[in-house]
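K.L.:
structure for this input, please:
(one chain, ligands or ions: 1)
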Amino acid sequence: MSSELIPVTLLTGFLGSGKTTVLNHLVRQPELADALVIINEFGQMPLDHRLVAHSTENLVMEMSSGCLCCTVRGDLVKTLRDIVWRFSRNGQRQFRRVLIETTGLADPAPIVHTLMTHPQVASRYRLDGIVTTLDLATGEQALNKHPEAVRQAAIADCLLLTKADLVDDDARHALLRRLDGINPAAPRWEARHGDIAASKVLDLGLFSTDGKSPDVERWLREEAYTGNAHEHAHEHHGTDGQNDGHGAHGDHDHGHHHDVNRHDDHIRAFCFSIDLPMREEIFSAWMEVPLGFVGSNILRIKGILNIEGSAGPVAIHGVQHIFHPPTTLPAWPDDDRRSRLVFITQDVGRQVIEETFKALDGHLPQPWEAT
Ligand SMILES: Nc1nc2c(ncn2[C@@H]2O[C@H](COP(=O)(O)OP(=O)(O)OP(=O)(O)O)[C@@H](O)[C@H]2O)c(=O)[nH]1
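P.N.:
This next block holds a predicted model:
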């Protein structure tokens, strides 16, 4: 069962955005005393933690198939396999969760796919969440210049805004507004000199280590996607204390300048619902058709589905065109039995996805309306 797999947190973020500084703070906290950290072999900063393993990441990957995201990270598979016995004492595993720090330049998708699909990895681990650091001082520049910085932000389950000490409110607001377009649902927290509570970055998935029932509402946050790509509800849901980065962008000003070269102007974030239970074959075909065409342009999909004959909702979760094995949840979170899906894509509008569904099923999915 998914809740029994070892949770893995992926810490990603652009070069120099503060990943190692955050990691050093995290590992000092009791929640992470039994977390094993996998860091890149080339990382220069030492980590003061008893459970550390190293992995290699090839910065340049040559792909004959042309699909970078489908590269299986053989080195990571080996590391994830080996740590289970390397960090065992008297047959007892010494860690309960894993944190992986990626290199700043790497597209994290191959790592995500390795975690989700490699049989030896997926049978033992589950992706708990993708945490992306974004430097408040230079984040806008990184988003302008580097498409991988936009992708890292778009696929995040949680955004850590670092170097808050270096910026004024105007700069902070400008970056937050851009993030409304790139990733409207991920909670945002500010981290000064790496200071962030571990609880903010752990248990971001449907399952928590304490065995609580899945919190679908918090996980899906479809209400944050209402409206089109650049008209999201500015829904804030961080409440407690100094690291809450949400309060800072409560205005509804969408008057940012649209530069045609901005990578994030290609990002679309939307959601929709489907009223009637759907046949599993329809859903599978729907996923295959659009994904066959636009594969790597779909950055993130999450959803709960009402599949005919299934006792509970089926949770799906994909990064690009690779899906975590669907999980049937024990119960619906409320009386609403519609299937609900959220998408973050690059250059693929809602219409493309809707029309493909209509072609298979005969009617259009409905734009989501929060009830
Ligand atoms: N002023 C300030 N500096 C910070 C903060 N967080 C990190 N830094 C500095 O920013 C630099 C880069 O931080 P790292 O933690 O090494 O960033 P990284 O993302 O791990 O870097 P790479 O591994 O090279 O991608 C270091 O000099 C840190 O001391 C912060 O909140 N405020």
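
K.L.:
drop to CA atoms for contacts and neighbour counts, all remaining ones
P.N.:
OK.

K.L.:
residues contacting the closest residue to Arg172 other than its chain neighbours?
P.N.:
Closest residue to Arg172 apart from its sequence neighbours, by C-alpha to C-alpha, 6 or more residues apart in numbering: Leu136 at 6.4 Å. Residues in contact with Leu136, defined by C-alpha atoms under 8 Å, 6 or more residues apart in numbering, are Leu161, Thr162, Lys163, Ala164, Leu166, Val167, Ala171, Arg172, Leu175.

K.L.:
of these, which belong to helices?
P.N.:
Counting by DSSP state H, those place Ala171, Arg172, Leu175 in helices.

K.L.:
derive a ChimeraX selection command for the buried subset of the contacts of Leu136.
P.N.:
Entered in ChimeraX, the line below selects the buried ones among the contacts of Leu136, by 16 or more other C-alpha atoms under 10 Å:
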select :161,162,163,164,172,175
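
K.L.:
ranges for the helices of this structure?
P.N.:
19-26, 74-86, 109-117, 119-122, 139-145, 147-154, 169-182, 198-201, 216-220, 280-294, 350-361.

K.L.:
nearest to Gly318 among those helices would be which one?
P.N.:
helix 109-117 (8.8 Å; C-alpha to C-alpha).

K.L.:
quick one: list the elements packing against that closest one.
P.N.:
helix 74-86, helix 119-122, strand 125-135, strand 314-319, strand 322-323 (3 or more C-alpha pairs under 8 Å, 6 or more residues apart in numbering; DSSP states H and E).

K.L.:
these two touch, right, Arg279 and Glu308?
P.N.:
Yes. Counting by C-alpha atoms under 8 Å, Glu308 is a contact partner of Arg279 at 5.4 Å.

K.L.:
ok so, going back, could I get the contacts of Leu136 as CSV with pLDDT and distance to Asp275?
P.N.:
Shown next, in CSV, are those (pLDDT from 0 to 100; distance: C-alpha to C-alpha, whole Å):
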residue, pLDDT, distance to Asp275
Leu161, 97, 37
Thr162, 96, 41
Lys163, 95, 44
Ala164, 91, 43
Leu166, 92, 48
Val167, 92, 46
Ala171, 90, 42
Arg172, 92, 39
Leu175, 93, 36
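
K.L.:
within reach of the ligand, which of the contacts of Leu136 are there?
P.N.:
With the criterion set as C-alpha under 6 Å from any ligand atom, the members of these near the ligand are Thr162, Lys163, Ala164, Leu166.

K.L.:
strands - which of these land there?
P.N.:
Per DSSP state E, strands hold the following members of these: Thr162.

K.L.:
low-confidence ranges, the stretch 51-200 of the chain, go.
P.N.:
56-72, 104-106 (pLDDT under 70).

K.L.:
what parts of it come near the ligand?
P.N.:
Checking the stretch 51-200 of the chain against the ligand by C-alpha under 6 Å from any ligand atom, the hits are Thr103, Gly104, Thr162, Lys163, Ala164, Asp165, Leu166, Ala191, Arg192, His193, Gly194.

K.L.:
let's see that with 5 Å instead.
P.N.:
Gly104, Thr162, Lys163, Arg192, His193 (C-alpha under 5 Å from any ligand atom).

K.L.:
okay, the helices of the chain, which one's buried deepest?
P.N.:
helix 147-154 (a mean of 24; mean count of other C-alpha atoms under 10 Å).

K.L.:
CA atoms only: put that helix into CSV for me.
P.N.:
Provided in CSV are the C-alpha atoms of helix 147-154 (Å, rounded to 0.1, in the frame of the first residue of the first chain):
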residue,chain,number,x,y,z
PRO,A,147,13.3,27.3,-19.1
GLU,A,148,14.4,24.7,-16.6
ALA,A,149,13.8,27.2,-13.7
VAL,A,150,10.2,27.7,-14.9
ARG,A,151,9.7,23.9,-15.1
GLN,A,152,11.2,23.4,-11.6
ALA,A,153,8.7,25.9,-10.3
ALA,A,154,5.8,24.5,-12.3
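
K.L.:
and that helix, what does it pack onto?
P.N.:
Checking 3+ C-alpha pairs under 8 Å, 6+ apart, helix 147-154 ends up next to strand 6-13, strand 125-135, helix 139-145, helix 169-182, strand 298-305.
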